[in-house]
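[1] I would like the atomic coordinates for the input below:
(chains A, B and C)
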Amino acid sequence: MLQQQPLTGNGPSNGRGLGMSGHPGMHSLNSVHQPSQHRPDGGDAGLEGTENGHETRRDIGDILQQIMTITDQSLDEAQAKKHALNCHRMKPALFSVLCEIKEKTGLSMRNTQEEEPQDPQLVRLDNMLLAEGVAGPEKGGGAAAAVSAATSSGGMSPDSSLEHSDYKSKLSQIRSIYHTELEKYEQACTEFTTHVMNLLREQSRTRPVTPREIERMVAIIHRKFSSIQTQLKQSTCEAVMILRSRFLDARRKRRNFSKQATEVLNEYFYSHLSNPYPSEEAKEELAKQCGITVSQVSNWFGNKRIRYKKNIGKFQEEANLYAMKTALGARQGNDSPHTPNSTGSGSFSLSGSADLFLGVPPVNGDQSVCPMGVQANGNWQSRNSPPPGTSPHSDHSENSD
DNA sequence: CATCATGATTGTGA
DNA sequence: TCACAATCATGATG
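    Predicted coordinates:
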């Protein structure tokens, strides 16, 4: 390619002959019309001798002819010809001219393809991978940071260490794959680069190949490989993103509490029916008992209150059940059969049975038939409410009368 | 697959 | 900031 240009001689000839100082071009080489031109360096032997000028021209023409036709020949033929040309007595001279031409064209090309301002996308990907703990220093900081960021953004207490470790292991999996691939990539890149460089060096014996040209070639190769690298990084980023979203989704996912947990919560709820607003301490205690977070306890109570209020009838049976249970537990003073609650619920324990209504009226789930017992106790729903800011003026007429 | 149950989120008001 | 109310989204069930 590069060497073709001079050979085809398509550049404008200024008829200055071989002159090293002039504007070179094979064309001029082809037609050495003005042997009178003298070369300033005068390094090469007898190209422009006086008496044998004609012979020289024929020599050059001959060489050029051979070069021009070399591509049409078979490989073996070409190899042989190459060798022959290499040994040709005019070779050094021709070679030096070619070198000069290359130097010139190389210079002009250099301006066209200049610097390469680091692909911004690649930079972004790099930063991302670094932030996610995939690219950075081994383990520790990155992944943990990412996880804590994820949890804190969710606004929840970060207690699901199980999911954390899951996330971490998945992340490190991605990480190792990424590094393996990156290594492979780098190895391939180096291999290919050295291969090409060797090739060029080897070729530089038969055709002019400047170091700058090799550099350029290497740059081109690196650019090509860099696009592969970008792809690798991109897909890694995607994998991390997917993992992360899945992780967050998993946190967001609703999973029913254990039976025990709901039992504990319900017990508290129904035994504090008149004021089902557990204090912070009570929430903590409940959370501990249920193996959930305080905010989950809050959620549960929020949901429970609103749903209970909305449809007291529906919850009647449940209310009675828990009332009974609690009462039983309180009365017997020891373990209630299926309420782990009694174990250590000191702060709000069963003693709060003031709220209880033990006269369990047999309600058949009819919403409008609201048992007085519960209603009377559950004054938080309609009357003045103890908790601050609770003014549930809501006339849930569907059950009040 | 439709429906209900239920934990979580969001918007609003005090 | 908390509670409430509405709503979302998923799990369980038939």
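[2] pLDDT at the closest residue to residue A:78 other than its chain neighbours, what is it?
    In space, not counting the residues next to it along the chain, residue A:78 is nearest to residue A:70; the distance is 5.2 Å by C-beta to C-beta, 6 or more residues apart in numbering. For glycine as for every other residue, the C-beta is placed from the backbone atoms N, C-alpha and C. Per-residue pLDDT puts residue A:70 at 76.
[3] tally of neighbours for residue A:70?
    Under the neighbour criterion other C-beta atoms under 10 Å, residue A:70 is assigned a count of 15.
[4] how near is it to residue A:271?
    101 Å (C-beta to C-beta, to the nearest Å).
[5] for residue A:237, same thing?
    Residue A:237 sits 52 Å away from residue A:271, going by C-beta to C-beta.
[6] quick one, which of those two is more surrounded?
    Comparing residue A:237 with residue A:271 by other C-beta under 10 Å, the one with more neighbours is residue A:271, at 27 against 20.
[7] surely the more buried one meets residue A:325?
    No: counting by C-beta atoms under 8 Å, residue A:271 does not reach residue A:325; the two are 9.1 Å apart.
[8] count of residues packed around residue A:185?
    Neighbours of residue A:185 using other C-beta under 10 Å come to 16.
[9] what helix or strand does it sit in?
    Assigned by DSSP states H and E, residue A:185 belongs to helix A:161-203.
[10] ok, residue A:137 next?
    Using DSSP H and E, residue A:137 falls outside every helix and strand.
[11] tell me the pLDDT of it.
    pLDDT for residue A:137: 71.
[12] residue A:193 now?
    Note for residue A:193: predicted pLDDT of 90.
[13] the one 4 residues further on now?
    Listed pLDDT for residue A:197 reads 86.
[14] show me where the stretch 101-250 of chain A dips below the pLDDT cut-off.
    Within the stretch 101-250 of chain A, the stretches with pLDDT under 70 are A:102-103, A:105-117, A:138-167, A:242-250.
[15] let's see 80
    The model of the stretch 101-250 of chain A has pLDDT under 80 over residues A:101-120, A:128, A:131-133, A:136-171, A:173, A:204-213, A:237-250.
[16] count the residues that sit near the closest residue to residue A:91 other than its chain neighbours.
    Distances taken as C-beta to C-beta, 6+ apart place residue A:85 nearest to residue A:91, at 6.3 Å, with adjacent residues excluded. Residue A:85: 18 surrounding residues under other C-beta under 10 Å.
[17] surely residue A:85 and residue A:67 touch.
    Yes: using C-beta under 8 Å, residue A:85 is in contact with residue A:67, at 7.0 Å.
[18] quick check: buried residues in the helix or strand residue A:328 falls within?
    With elements taken from DSSP H and E, the one containing residue A:328 is helix A:312-332. Using 16 or more other C-beta atoms under 10 Å as the test for burial, helix A:312-332 gives A:312-313, A:315-316, A:319-320, A:322-323, A:325-327, A:329-330.
[19] ditto for stretch A:219-230
    When neighbours are counted by 16+ other C-beta under 10 Å, the buried residues of stretch A:219-230 are found to be A:221, A:225-226, A:229.
[20] check those and tell me the two furthest apart.
    Farthest apart among the buried residues of stretch A:219-230 by C-beta to C-beta are A:221 and A:229. That separation is 12.3 Å.
[21] related to what we said a few turns ago, who does the strand or helix carrying the residue nearest to residue A:91 touch, helix- and strand-wise?
    Using DSSP H and E, residue A:85 maps to helix A:75-87. In terms of contact count using 3 or more C-beta pairs under 8 Å, 6 or more residues apart in numbering; DSSP states H and E, helix A:75-87 is assigned the packing partners helix A:53-70.
[22] rerun at 10 Å
    Where contact means 3 or more C-beta pairs under 10 Å, 6 or more residues apart in numbering; DSSP states H and E, helix A:75-87 is packed against helix A:53-70, helix A:91-112.
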